[in-house]
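>>> show me the folded form of this:
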Amino acid sequence: MTISLSVFGNCQSAGIADCLGAMLPDARISSGVGRDLRQGAADMESLIREADVIVSQTVMTKAVREAMSALDIDRPIIELPSIYFTGFHPDTVYATCAGESIVSVLGKLNSSICLFAWKSKLTADETISLFNARTYEALGFFDHYERAKRGLIAESQRLGLDIAADVRRWERGGAYLYSVNHPKLPVLSTFARLVVEKLGLTPATERPELLLPDALASNIVWPVYPEIGAPLGVEGEYVFKPKSGGRVAPAPLRTFGLEEFVRRSFKTYKGLDPHAIECARFDDGLYASVIDRKKIRSAPAPARHPYRGLPDHQFWRKAVSDVEAGLVDPVVGGRARITGEEKIATAGSCFAQHIARALSGSGYNYFVPEAGDGLDPAVAVHRNYGVFSCRYGNIYTPEQLAQLFRRAEGDFTPVDSVWQRPNGRFVDAFRPEIEPDGFADEADLIASREEHLAAVRRMVRETDVFVFTLGLTEAWRSRIDGAVYPLAPGVAGGEMDPERYEFCNFDVSETDAALEQALQHLWSLNPRARVILTVSPVPLAATYEAQHVLVSTTYSKAVLRVVADAAARRHAAVDYFPSFEIITGAFNRGAYYADDLREVTSTGVGHVMRLFMKHNTAPLLAAVPANAVADREMQEGQKIICEEALLAEV
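You can find the predicted model right below:
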């Protein structure tokens, strides 16, 4: 039986209908955009009558239900959110003057800065000077993304739709909207897929966005300002694109730079009554305090050079020397924040244990597939359960991590893997201190190892976020097969034999290659996983190099820091968190190290964890802060029937 779907909504619904058509090629898909449907009830009536199931964005659901009631027709409705998302475009607003929509050079979308500046009688040049990070910070623009993301996830959840994992996928592709209410096709494709899932049908394709043209791309494109994009890992620019035609007859591309956009907008505002302008954004007085005509006119015009207008965090004095030590925050960016539902796994050097404790103690889903179930809690802790996600002990080098993944999958079986202590008990060469008292015999050790590697396999496949702390470059390895150990033979078990073991100090290329191998292994089994890399600030306890331990420490940390940075630049799914810089930075004048100048103090750990939680975790949905102006703006935006609907142009 062929199913018939009628899709109702705003300009977004046409793209959703297109995606549904690609996913269900045998279905009959009809769509109606609110603006067009208002022209005649007959269109809505016919769409309702021919549908087996109705798909409706919230903006149209009330009208659809009223029409069904009038027709005495009952149809199941799958409801989708009407997306109004200011996260990438926090400057964009709708506004009215004397009850009529205000139109800029980009239709009914206006720059709040530009409009308020014109209302305040600033000149175009004065207005252009306001487009900088300081203004955006004062106006709260940098808070919009997380608020908008949480709002969209929460609204979708209210409708019975789980999009948290999909949002993370969208984030990997950069900005996923062209403007506040024009999502890119991957977003619309997601909601189409959720409709298909609710129908219990099998789609012909899971990714219709790879097959279809993105119709909204020919419409208005509001730029992501560079200063707004930087913290989100999105490359921005000041290039405004008006509507360039429809899908049938696209017009030549026309764009405006910031200066031309402001001057053209000022011309369109001529004739408006400044006192009759209404915009939710202007109601709390914030704009009046930030965009002060007298202050702007009395300030000398700054010289034009590449560093003018850069955010404070890019200047040493503003970001470091003039800031109280406990308030220094070197974290800029972060592509996606950890939500309460995501599974978070940790591994690495001893410093990674602080992250594990912070996450588990804050209500986040710290993933421990090897938890020592059934053991007394005190015994479990003594036997190193829960210190990391799996019972692997400290993993100091990327090579050790890559080999662990290979061993878990059976791709690498080292020859020398069991060591004996002088008291006759046995230890696992790859986690020699995991059982404080060792194992009674090799059989117990092998059984424990198999259980452990099974947990590693599960962790790799199920984790949503993998946090890895790089600790060392110096290591000991087998001359037989290259197996890398966390400790030198003889320290916690075994005996040092120069014929069997050798010292190695991995360089940048070797460390980079090993980390890349580990990442590719992770993603081959778990493509959705995100990775957060940190570098341990704990100095080497000893070096085997014939040089001062301070020199060896500097070399080791420099290699690890370069490799972590390279991985974050190379992969959208990898972020770097600067715990190393926070602890070792000159700004704290050594206060974050204990008297031995090696152990990190609780104050230093607290600074690191406070910033990690601030920048890498999203507040749990129940704790979303209230913001009356933002809530009102989002509610009004979700009700808008976009005037640039493309349905009529198909």
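>>> burial of T123, as a residue count?
15 (other C-beta atoms under 10 Å). To be clear about C-beta, it is placed using only N, CA and C from the backbone, and glycine gets the same treatment.
>>> okay, buried residues for stretch 485-495 please.
If you call a residue buried by 16 or more other C-beta atoms under 10 Å, then stretch 485-495 has these buried ones: 485-489, 492-494.
>>> pick out the most distant pair among those residues.
P486 and G494 (12.1 Å; C-beta to C-beta).
>>> which residues do the two both contact?
Common neighbours of P486 and G494, using C-beta atoms under 8 Å, 6 or more residues apart in numbering, are P432.
>>> just the buried residues of stretch 485-495 now: which is nearest P183?
Of these, the one sitting nearest to P183 (C-beta to C-beta) turns out to be P486, at 47.1 Å.
>>> coming back round to it: the buried residues of stretch 485-495 in strands, which ones?
Y485 (DSSP state E).
>>> and which of the buried residues of stretch 485-495 is nearest to R49?
Once C-beta to C-beta is applied, the member of these that ends up nearest R49 is P486, at 69.9 Å.
>>> for C350, see how far away that closest one is.
11 Å (C-beta to C-beta, to the nearest Å).
>>> what touches both of the two?
By C-beta under 8 Å, 6+ apart, the residues touching both P486 and C350 are N394.
>>> pLDDT below threshold where in the stretch 451-600 of the chain?
For the stretch 451-600 of the chain, applying pLDDT under 70 flags no range at all.
>>> which stretches of it form helices?
508-525, 549-570, 579-584 (DSSP state H, counting those that start in this stretch).
>>> the ones you listed: which one's closest to V600?
helix 579-584 (5.7 Å).
>>> how far does the helix or strand just after the closest one sit from its chain's centre?
Counting by DSSP states H and E, the next helix or strand C-terminal to helix 579-584 is helix 602-616. Computed by C-alpha atoms, centre = their mean, to the nearest Å, the chain-centroid distance of helix 602-616 equals 19 Å.
>>> now what about helix 602-616, what contacts it?
326, 329, 331, 334, 337-338, 354-355, 358, 362, 532, 537, 575, 577, 579, 582-583, 588, 591-593.
>>> buried sites along that helix?
Neighbour counts using 16+ other C-beta under 10 Å place 604-605, 607-609, 611-613, 615-616 of helix 602-616 among the buried residues.
>>> nearest to A542, out of the residues you listed: which one, please.
Using C-beta to C-beta, the shortest approach to A542 within the buried residues of helix 602-616 belongs to G604, at 22.2 Å.
>>> distance check, the closest one against V538.
Applying C-beta to C-beta to G604 and V538 gives a distance of 11 Å.
>>> and for R458?
From R458 to V538 the distance is 29 Å (C-beta to C-beta).
>>> F351 now?
6 Å.
>>> mutual contacts of these two, please.
With C-beta under 8 Å, 6+ apart, F351 and V538 have common neighbours 471, 600.
>>> returning to that earlier point: would JSON lines of the buried residues of helix 602-616 with distance to T202 and pLDDT be doable?
As requested, the buried residues of helix 602-616 are arranged in JSON lines below (distance: C-beta to C-beta, whole Å; pLDDT from 0 to 100):
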{"residue": "G604", "distance to T202": "54", "pLDDT": "92"}
{"residue": "V605", "distance to T202": "50", "pLDDT": "90"}
{"residue": "H607", "distance to T202": "51", "pLDDT": "93"}
{"residue": "V608", "distance to T202": "47", "pLDDT": "92"}
{"residue": "M609", "distance to T202": "45", "pLDDT": "90"}
{"residue": "L611", "distance to T202": "45", "pLDDT": "91"}
{"residue": "F612", "distance to T202": "42", "pLDDT": "89"}
{"residue": "M613", "distance to T202": "41", "pLDDT": "87"}
{"residue": "H615", "distance to T202": "40", "pLDDT": "85"}
{"residue": "N616", "distance to T202": "37", "pLDDT": "85"}
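>>> okay, now the unreliable bits of this protein?
Along the chain, the parts satisfying pLDDT under 70 run over 1, 34-42, 245-252, 293-304, 308-309, 333-336, 620-650.
>>> got the domain ranges for it?
Per automatic domain parsing, the structural domains of the chain span 4-85+149-208+637-649, 92-142+219-310, 344-366+395-415+446-616.
>>> which among these is found nearest to G374?
Closest approach to G374 among the domains of the chain is made by domain 344-366+395-415+446-616 (12.8 Å; C-beta to C-beta).
>>> could you work out the end-to-end span of the closest one for me?
This stretch, domain 344-366+395-415+446-616, spans 11 Å end to end (C-alpha to C-alpha, to the nearest Å).
>>> roughly how far out does it sit from the chain middle?
Counting by C-alpha atoms, centre = their mean, domain 344-366+395-415+446-616 comes out at 22 Å from the chain centroid.
>>> helix, strand or coil for the nearest residue to D312 once chain neighbours are set aside?
Distances taken as C-beta to C-beta, 6 or more residues apart in numbering place K318 nearest to D312, at 4.1 Å, with adjacent residues excluded. Local secondary structure at K318 is given as helix here, using DSSP: H, G, I helix; E, B strand; the rest coil.
>>> could you measure from K318 over to E324?
On the measure of C-beta to C-beta, K318 and E324 end up 13 Å apart.
>>> neighbour count for these two, which is higher?
K318 (13 against 7).
>>> S218 is in contact with S244, isn't it?
Yes. Contact criterion C-beta atoms under 8 Å: S218 and S244 qualify, at 5.1 Å.
>>> which one's more surrounded, these two?
Neighbour count, other C-beta under 10 Å: between S218 and S244, S218 has more, with 22 against 16.
>>> give me the distance between that one and G374.
Taken as C-beta to C-beta, the span from S218 to G374 is 61 Å.
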